[in-house]
Structure formats: C-alpha cells, structure tokens
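S.K.: Return a 3D structure for these sequence lines:
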Amino acid sequence: MSPIRTLRHSRRHFLRIVLKSAALPLVTTVSQAAIRPGTRVIVIGAGVSGLAAARELHVAGCRVTVLEARKRLGGRVCTDRTEFGGLPVEFGAQFIHGIRNGKDEVNPIYRIAQESGWKTKRFVKDSGETYRVGKPLSNAEDKALVELFDDFETWLIDDFKDEHEDDIGMSVERAIAAYANENELSSQQLLDLRGIIASDLEEDKGGNARRLSVAGYDEDEDYAQGEDQCLIEGYDQLPALLAQELDVRFGCIVSEIDYTKRKIKISSSDGDFEAEHVVVSVPLGVLKAKSLIFTPELPGAKIKAILRMGMGVLDKVILQFPVRFWPAGNWFLNLERTAPYGISFSSMEATHPGSNILVFWHFGSHAVAHEAMPDAELIELVMGHLRQIFQDIDVPAPSASAITRWSKDPFSRGSYFYPRTGSPISDIKVLGEAVSDRLFFAGEATSKAYFGTVHGAYLSGLREARKVLAAAKD
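M.R.: Below you'll find the predicted structure:
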C-alpha cells in the first residue's frame, strides 16, 4: 500500500482497530507423522503467500514444488539493485505496515525482520509538506486540512457507513458529495478534501473514489502502532528467506489446473505435474484475466466473487537527481484543481540518505492511463508536476529513472485487492475457500483482516498450509 498516510486516523477509528484485532499464530506445528507419507503438493506462485505456504508444508513433511512464472522470487515484492547504482529500490511492496496492533501482537513480517537481524528504518508518515497548486500551506491551513479529513473519515465510518452498510453500490465518491452538502463546504474546501482523499484513501487502495466501496471501507485491520517500517537492505530478503530449501521452478507458466481426478494435473510451459493438493497463490488480477484455466470450472460463487472484486493499481515513477531540491521530510503533496486532485511524492532519504531519489505515486485509472505512455513522456509529466510545486527552483533533470507498470504485468495484472462497489466484503472469504479439499487459495486478496499487505499475504499462506495439512492426514 501507499506510504502517503498524511493524516492520523481518528481516535474512534483506532479504537475500532483495537477491538477488532484478533490473535493469529505465526507458525504451524504439525508433526510429520500426522500426514500421509509422500503427500505431494504443488504451490503455484513464488510470492510471499505461496512461499509461506510451501515452507510450512515442506517443514511438515510434504513433497512440495513451487511453480513460478517469473524468473525471480517475490511476486509483487520486487527489489531492484541495478537501476540506481546498486541501491536496493522497491518496485513493488515498500513497507512493513506497522509494528503492533491494539493487543500488543507484533506484525509477523516485522518479527521476522527482527529475528533475522535485518536493518529497518521508521518511515514517519506525518513528516512532510503540503502545497496547494505549488504554494505551501500555512500552519493554520495545514491544521484545517487535517481537521477536515479527520472529520470526514469519522463521519464516513460512524455515520454514513452505518446508514449504508447494506448498499454495496455506495461509493466513496457519493459519500464525499453527501458530506460536502451536509457540511456546506466551500468549493476550495471540497477541492482540498478531494486532494487529501486522493493521497490517503485512493492511493492507499489503488482505486478511484467512484469505485471504492463504502460498505467495504474500514473492514480491514492493521498494526496501527509503530509507523511504517522500511527494510534498508531490501524487501527481497523476505522471499529469499522463505524459499530456502524449497524446490522452486522458475519460468514455469501454468496454463491449466485439471482437478477432475483424484490426482490434480497441472499443465505448464515446463511440462505437466501431478499432486494430491494444489495451493493457488496467483494474484487476484491473474484470476480476473482468466489466464489460468480450471477444469472443471470453479464454483459459481467463487467465479462471481473474482469478477466483482477490485484489483487496484498503484504505480511508481522513481527518479534520481544530481542534487536534492525538495524540503526535509519523507513526502510532499500538491493539492490540485482537477483529478486526481492530489499529487504525492515520497523521498528515499530515510532509507538511502544522500541518494536524491524521489518516488511519484499514481493510482487507479490515472495509473492505468499513464502506463500506456512512453517512458520519456511519463517522466516529463512527472517533471511538470515538480516544476509546478517548486516554481522558484530550477528543477534539474533526473540522472536515473525507473517506471513500474503493474496492471500490464501478465503475472500480476494489478497491485493488490481493494473493496470495490458491487462486491460484498464476503467475497474475500469466498475467494479463499478450498474446492473439494484439494484446491486451496492464498494471497492478500483472500485476507479479510489484512488485504493489500505483505503480512496479509504471509498469513494467508500459513492459513492455507494448515488447511492442506488437515486434509492430508491419514
């Protein structure tokens, strides 16, 4: 998810998180004797969820093979070490989202990082500067903006959502209009609110307000204490750790899963495989694209859930400059008069001091439109935003750049799940349900508590491993 959490959640929002938090075990303890000897399991996808499942199953005594279409580990965890002088730069997941929840339970990814001795750095979300069409907001204006958003979010959660909890077609866009009308916002206040919603809600979910579901809003939980954490030496340390001792076949593109017979047949670019159980950990976007054929077809309820659920897009344009020209702090935001209303940048100074690297974040339909642009044209668009923000500075040309296009990636087809209008939150549970106790589904989109996060993906892998082991008992 996006790091640009410019505003703290309301106290009532935090209390909801505390009350909803529930304990989740970090490991599965199943003896090797508890399963049928030689139980064969295929895991499709070497992202965090697939690797977590595979590792648990391997430790429990299963014969596990991971089939990965890419030629690397990690899936949407993608650390680049070539474009910026050897620095580990995140093209995909960038943060460990929080440390502890309200029950003092530790984020499992943070725990792994600490136990592994990985260096982390806190990314302070409220250390930034906000502009309005290139003009810095005064302290009073910034305070008013914070209060406006806090009031909107509290109203959205405690009032509007309760009134429309059964209306899966109600969008955040319509909620904004209702709030503006009810509170008689001025045109400038409405523009400011839309800008901060863009940088907080829309960017965080990877979808536009007109498609974000009010009914699905605030249905997830988080580790609200401790701020986001960066892995200094790269997020790819996680999949590398999980994959140790596993049989991973790279460049193996699965085309069909035939579970007609007792032994499941998997057809791939690397030949056919058979197994008693299969864990499907491909992203929701791949399932929506129907590039993976199931024989027989998946149950109707699961197909409907896949079609309804939202696959968000959050892309980055990463630029390195010869000098730093932006203010101190981890991010800055420019409020604009037209969609997307809020343009956000984050700095990589927290993890790589002196690197002079900025990340431009774009989301939803705006990101999809930008993905169709040539690199040079997209970089010039981003430079135009920077020149507007820093009108009194001769903004230098970037010395290095990188661009992500997650919706065009055939093995992800987007960034992560978001609650979409028309999709009840129960679709998440339906997506994660096993088929015939032989076909299992993992991934962040199957995690009602932690969708859109790496820890959600990880925990979903452990969950599915437990299901497989229960099904594989003598």
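
S.K.: Next one: R308 from D162, what distance?
M.R.: Note on R308: its distance to D162, by CB to CB, to the nearest Å, is 23 Å. (Glycine included, C-beta is placed from N, CA and C.)

S.K.: More neighbours: these two, which one.
M.R.: R308 (17 against 9; other CB atoms under 10 Å).

S.K.: Once you drop chain neighbours, what's closest to that one?
M.R.: Nearest residue to R308 in three dimensions, chain neighbours excluded: S423, at 3.8 Å (CB to CB, 6 or more residues apart in numbering).

S.K.: now swap in D270 and tell me
M.R.: Excluding its sequence neighbours, the residue lying closest to D270 (CB to CB, 6+ apart) is C252, at 4.1 Å.

S.K.: Now do stretch 208-215: everything it contacts.
M.R.: With contacts defined as CB atoms under 8 Å, 6 or more residues apart in numbering, stretch 208-215 is touched by 156, 160-161, 164-168, 170-176, 194, 197-198, 201-202, 205, 310, 340, 363-366, 418-425.

S.K.: What's the separation between I425 and P374?
M.R.: 39 Å.

S.K.: ditto for K429
M.R.: The value you get for K429 to P374, if CB to CB is used, is 42 Å.

S.K.: confidence score at P37?
M.R.: Here the pLDDT value assigned to P37 is 78.

S.K.: Q189 - how many residues pack around it?
M.R.: 15.

S.K.: So the nearest residue to it once chain neighbours are set aside: helix, strand or coil?
M.R.: Excluding the flanking residues, the one nearest Q189 by CB to CB, 6+ apart is L148, at 6.5 Å. At L148 the chain is in helix, as set by DSSP: H, G, I helix; E, B strand; the rest coil.

S.K.: Of the contacts of stretch 208-215, which count as buried by neighbour count?
M.R.: For the contacts of stretch 208-215, a burial check counting by 16 or more other CB atoms under 10 Å picks out 156, 160-161, 164, 168, 170-176, 194, 197-198, 201-202, 205, 310, 340, 363-366, 418-421, 423-425.

S.K.: mind listing what L386 touches?
M.R.: Contact analysis of L386 by CB under 8 Å, 6+ apart lists 345, 358, 395.

S.K.: Okay, now stretch 260-270: how far is its last residue from its first?
M.R.: 21 Å (CA to CA, to the nearest Å).

S.K.: which residues are in contact with it?
M.R.: Contacts for stretch 260-270 (CB under 8 Å, 6+ apart): 42, 44, 67, 249, 251-259, 272-278, 295-296, 438-439.

S.K.: got any ranges where the stretch 201-350 of the chain has weak pLDDT?
M.R.: Nowhere does the stretch 201-350 of the chain drop to pLDDT under 70.

S.K.: all strands in it, in order from the N-terminus.
M.R.: 228-231, 247-249, 254-258, 264-268, 271-275, 277-280, 293-295, 310-312, 314-320, 331-335, 342-347 (DSSP state E, counting those that start in this stretch).

S.K.: Extract the C-alpha set from the first one and format it as PDB.
M.R.: Extracted as PDB, the C-alpha positions of strand 228-231 are listed here (Å, rounded to 0.1, in the frame of the first residue of the first chain):
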ATOM      1  CA  ASP A 228       5.600   2.000   8.600                       C
ATOM      2  CA  GLN A 229       9.000   0.400   8.500                       C
ATOM      3  CA  CYS A 230      11.400   0.200   5.600                       C
ATOM      4  CA  LEU A 231      13.800  -2.700   5.100                       C
END
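
S.K.: Going forward, the N-terminal residue is numbered 42.
M.R.: Yep, numbering from 42; the last one is strand 269-272 now.

S.K.: for that strand, packing partners?
M.R.: Counting contacts by 3 or more CB pairs under 8 Å, 6 or more residues apart in numbering; DSSP states H and E, strand 269-272 is packed against helix 149-157, strand 161-164.

S.K.: chain center to the longest one, what's the gap?
M.R.: The gap between where helix 149-157 is centred and where its chain is centred comes out at 19 Å by CA atoms, centre = their mean, to the nearest Å.

S.K.: Export the helices and strands packed on strand 269-272 to a markdown table and append columns for distance to E421 and mean pLDDT.
M.R.: Compiled in a markdown table, the helices and strands packed on strand 269-272 are given as follows (distance: least, CB to CB, whole Å; pLDDT from 0 to 100):
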| stretch | distance to E421 | mean pLDDT |
| --- | --- | --- |
| helix 149-157 | 36 | 97 |
| strand 161-164 | 28 | 93 |
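
S.K.: those strands in the stretch 42-191 of the chain, which residues are they?
M.R.: Under DSSP E, counting those that start in this stretch, the stretch 42-191 of the chain gives strands at 81-85, 104-108, 120-121, 130-131, 161-164, 169-173, 176-177.

S.K.: The stretch 392-515 of the chain now?
M.R.: Using DSSP E, counting those that start in this stretch, the strands assigned to the stretch 392-515 of the chain run over residues 398-404, 441-444, 457-459, 480-482.

S.K.: strand partners of the longest one, parallel vs antiparallel please.
M.R.: Sheet partners assigned to strand 398-404 using DSSP bridges are listed as strand 355-361 (antiparallel), strand 383-388 (antiparallel).

S.K.: Tell me which of the ones you listed sits nearest to V165.
M.R.: V165 lies closest to strand 383-388 among the strands paired with strand 398-404, at 11.2 Å (CB to CB).
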